[in-house]
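*Asks:* Sharing a sequence plus its predicted fold:
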Amino acid sequence: MLFEGYEYLILFLAGLASGSINTIAGGGSLLTLPILIFMGLPPTVANGTNRVQLIFAQFFAVYGFKSKGIYNYKFSLWLSASAVIGSLVGAKIAIELPEEFFKKILSVVMILVMINMIFKKKEKEKEKSNQIKKQNLSIFLFFFIGMYGGFIHAGVGFLMILILSGVNGLGIVKANSVKVFVALLFTICAFGIFIFENKVQWMYGINLAIGSSIGGWITSRWSFNKSEKIMRYILCVIIFFLAIRLWIF
C-alpha cells in the first residue's frame, strides 16, 4: 500500500484539495479516485468509496442554491428520473468490468477531461429567457449522463453544464443549480448499487468527505477568480501524471 500508516491523513488532505478544486475549477474526483486506487483499494471499491464525498458536497451545494432561491425542481426532477435509471445501469457495468480494464478507462477519461479543462473558456452569466429550450431532448440525453455518472462520475459535471447551457439555454448559475440537484439524486442511487455489492470502504470515504467539506467551505469564503486558471493548470499536471501511473501500473 503506497500510503501505509498515513492513510487517513492523506485522505483528509486529498479531500481538502478536492473540495477546494471543485469550488474553484471542478474535477476534484480526478484527484481522489486514483489516490484511492494507489492506496490499495480495488478500482471498483475506490469508485464506490469516492461517492461518499460526492454526496456530501452535492447535498450542501443543493442547500446553498436553495437558500439563495436558485432552483427549478420541476425540470430537475424530470432530468433526475432519466439520469437515475442511467446511473443504475452505469454502476452495474462499473462493478462487472475487469479491474485492469476499468483503470485503463479511468486513465483515458482523466486525459480527456484534462484536455477539456485546458481549453475551456470561463463562462459568464448571461441574461437568458426563463423558457427552458428542448426539454425532451435533454431528458433523453440525461439518461446517458446518468449512465456515465453511475459508471465513473469523474468529469460528469462538465457534460451536464454543456447540455444545460448549450441545449437548454440556461445561464451558468441556473445550470449549476440544476446540475447539483440531478447529480445528488443519481449519485445516491448509484451509490446504493455499490453498497449492495459491498464496494465501499466507509472510513476512507468519510475521511474524504470531511476534508472535502472543509476545503469547499474555506474556498467558498473568498473570491478566487484570478486563481481559477492557475488552479486548473496545476490540476491538469497532477491529473496527467496520475493518469500515466494508472495506465502503466
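*Replies:* The structure has been received and is ready for your questions.
*Asks:* Would you map the strands across this structure?
*Replies:* Counting by DSSP state E, one finds no strands in the chain.
*Asks:* which stretches of it form helices?
*Replies:* Assigned by DSSP state H, the helices in the chain fall at 7-24, 29-38, 43-67, 73-96, 99-119, 135-151, 156-166, 172-196, 202-220, 227-248.
*Asks:* What's the separation between the nearest residue in space to residue 110 that is not next to it in sequence and residue 108?
*Replies:* The shortest distance from residue 110 to any non-neighbouring residue, by Cβ to Cβ, 6 or more residues apart in numbering, is to residue 243 (4.0 Å). C-betas here are computed from N, CA, C, even on glycine. Taken as Cβ to Cβ, to the nearest Å, the spacing of residue 243 relative to residue 108 amounts to 8 Å.
*Asks:* higher neighbour count, the two?
*Replies:* For residue 243 versus residue 108, the count of surrounding residues by other Cβ atoms under 10 Å is larger for residue 243: 22 against 13.
*Asks:* thinking the more buried one is in contact with residue 107, fair?
*Replies:* Yes: between residue 243 and residue 107 there is a contact under Cβ atoms under 8 Å: 4.3 Å.
*Asks:* Could you tell me which residues touch both of these two?
*Replies:* Contact with both residue 243 and residue 107 is made by no residue, according to Cβ atoms under 8 Å, 6 or more residues apart in numbering.
*Asks:* Now for the residue lying closest to residue 154 once chain neighbours are set aside, how many residues are close by?
*Replies:* Spatial nearest neighbour of residue 154, chain neighbours left out: residue 29 (4.4 Å); criterion: Cβ to Cβ, 6+ apart. For residue 29, the count of nearby residues is 27 (other Cβ under 10 Å).
*Asks:* where does this structure dip in pLDDT?
*Replies:* For the chain, applying pLDDT under 70 flags the ranges 1-5, 23-26, 120-131, 219-231, 249.
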